[in-house]
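In: Here is the input, now give the coordinates:
(one chain, ligands or ions: 2)
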Amino acid sequence: MTSLNINGRAVAVHAEPDMPLLWVLRCELGLTGTKFGCGVGICGACTVHLDGKASLSCQTLMAGLQTQKITTIEGVQGKEAQALKAAWIDLDVVQCGYCQSAQLMAACALLKQKPNPTDADIDAAMSNIVCRCGTYPRVRAAIHQAAKRRPA
Ligand code: FES
Ligand code: FES
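Out: Numbering: from 1, shown residues only. Ligands and ions are numbered 1, 2, ... in the order given. Next comes the predicted model:
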């Protein structure tokens, strides 16, 4: 059994060291807000934060995670997350919703690193490249809005 820090809580998990974090989150812990897309590190649908950095959970093995803070869409907090969720609703970003957890997690990590990102910053940072609904223009607009309206 291994203890992980997930969403601010110590959580005991049974998974083997070579199990990808995505499967631990979804299948062992029931945190299904993080999505399976490609499973090979291309699509970005599985994005979570490791010590605040946007990371692909399908490419992150259990081994070595004991010292990192893992944050998923279920536990993400703070002024960036609040501002982004408000902008997402305000601009009606979501269509089917499948990719949106990952979009929000990537956007949140970006705003923490770059409080006023340019379009180029957004395009470089957003890891989700397979939004089949094509929400990219609204994702970008919502990130700009969140950057402007985020509390100081
Ligand atoms: S499911 Fe992880 S990058 Fe596609
Ligand atoms: S909102 Fe449907 S895949 Fe992105």
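In: And Val130, what's its pLDDT?
Out: We have a pLDDT of 85 for Val130.
In: Next up, the contacts around it.
Out: Applying Cβ atoms under 8 Å, 6 or more residues apart in numbering, we find Val130 in contact with Gly37, Cys38, Ile42, Cys43, Gly44, Ala45, Cys99. C-beta here means a position set from N, CA and C on the backbone, and glycine is covered the same way.
In: of the residues you listed, list those near ligand 2.
Out: Cys99 (Cβ under 6 Å from any ligand atom).
In: wait, which of the contacts of Val130 is closest to ligand 2?
Out: Within the contacts of Val130, the smallest distance to ligand 2 is 3.4 Å, found for Cys99 (Cβ to the nearest ligand atom).
In: The residue nearest the centre of the chain and Thr135, how far apart?
Out: Taking Cα atoms, centre = their mean, the centroid of the chain lies closest to Met105, which sits 2.7 Å from it. Taking Cβ to Cβ, to the nearest Å as the measure, Met105 falls 15 Å from Thr135.
In: repeat for Gly64
Out: When distance is defined by Cβ to Cβ, Gly64 is 33 Å away from Thr135.
In: Next: Ala141.
Out: For Ala141, the distance to Thr135 - Cβ to Cβ - is 10 Å.
In: of those two, who's got more company?
Out: Applying other Cβ atoms under 10 Å to Ala141 and Thr135 shows that Thr135 carries more neighbours, namely 23 against 16.
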